[in-house]
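S.K.: A structural model of the following input is requested.
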Amino acid sequence: MLVGFKSDKGLKRFNNEDACFVLLNDRVYIVADGVGGNNSGEIASRTAVNEIAKAIVETPLPEAASGEEVRGFFEECVKNTNLTILNMSSTHIENKGMATTLVIVCIRNNHGYIINVGDSRAYIYRKGLLKQITEDHTYVNTLVKAGIISEEEALTHENKNMITRAVGADIDIEPDFFDVEIKEDDIILICTDGLYGEVEDYEICQVLQENQGMSDTCTKLVSLANDHGGHDNITIICLKVTEEDINE
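M.R.: Residues are numbered from 1 along each chain as shown. Below you'll find the predicted structure:
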């Protein structure tokens, strides 16, 4: 697996409330985007990625784990992380209301297992085509699915940034789970809305098809988001599947 990652505060924000964590040996990759006043969003996102990473280090997933085993493991991780952030929010008044999005990608047995809460995204790029794997947990996406507004209207809707699920927002949490078969030369892109909110899909494709190293790809995508305004923090992890990954 070829891996690159980069996080940037963008051009308009004073601090970076995004976080990411890469566990190379475990082939687990995590992105989070915090929300909350003061520095609470930053605390929420960093707590989330650290708690997930800690759980993996303390109880590693077997290499031959099935999809259902992966799902169960990470659902428990997310549940515990949710309770941790809720507890921090309730015991420290300055952290009241903090929460975070979360995307986890775990690579096992020619599969990419993706767990997500919120509107950070995972995509797969294959043979020139970029496909969003995750589904945004947002108010406007709910309206789009119900046929109340169009996808074009969602782009400019006054509540387009309102998320409907987040880690630390409610006592009950329901992450989505996706199982994607991966192939050689696939690129899995994990990102916060600071990327896709500024950069069109076709522009992301143009960068990915340049076939640069994953670190250079992440740097270029961050620069592109900033060139388009950089209104939000930008965090990206890029994973390129190699022949060795498929033939293990």
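S.K.: name the element F74 belongs to?
M.R.: Per DSSP states H and E, F74 falls inside helix 67-91.
S.K.: Pull out the buried positions in that helix.
M.R.: Neighbour-count burial for helix 67-91 flags 70-71, 73-74, 77-78, 81-82, 84-86, 88-89 (criterion: 16 or more other C-beta atoms under 10 Å). (C-beta placed from N, C-alpha, C; glycine too.)
S.K.: Quick one: distance of that helix to the chain centre.
M.R.: 16 Å (C-alpha atoms, centre = their mean, to the nearest Å).
S.K.: which is the next helix or strand following it?
M.R.: strand 99-100.
S.K.: what residue ranges in this structure are flagged as low confidence?
M.R.: Counting by pLDDT under 70, the chain shows low-confidence ranges at 37-38, 144-145, 150-160, 247-248.
S.K.: which residues in it form strands?
M.R.: 2-8, 18-23, 28-35, 99-100, 102-108, 111-117, 121-126, 129-132, 176-181, 187-191, 234-240 (DSSP state E).
S.K.: what sits against the spatially most central residue of the chain?
M.R.: The centre of the chain sits closest to V103, judged by C-alpha atoms, centre = their mean, with a distance of 3.4 Å. The contact partners of V103, by C-beta atoms under 8 Å, 6 or more residues apart in numbering, come to I30, V31, A32, I114, I115, N116, G118, S120, R121, A122, T134, I190.
S.K.: before we move on, what about A44?
M.R.: E17, A32, G34, V35, G36, I85, N95, M98, A99, T100, V167, G168.
S.K.: out of the residues you listed, who's nearest E184?
M.R.: E184 has its nearest neighbour among these in A32, at 29.0 Å by C-beta to C-beta.
S.K.: partners of the closest one in the sheet?
M.R.: A19 (DSSP bridges).
S.K.: my guess is it meets T101, correct?
M.R.: Yes - with contacts counted by C-beta atoms under 8 Å, A32 reaches T101, the gap being 6.0 Å.
S.K.: Please identify which of the two sits among more neighbours.
M.R.: Just comparing A32 and T101: by other C-beta atoms under 10 Å the higher neighbour count belongs to A32, 31 against 27.
S.K.: Give the full set of residues in contact with that one.
M.R.: Counted by C-beta under 8 Å, 6+ apart, A32 has contacts 18-20, 44-46, 48-49, 100-103, 120, 167, 192.
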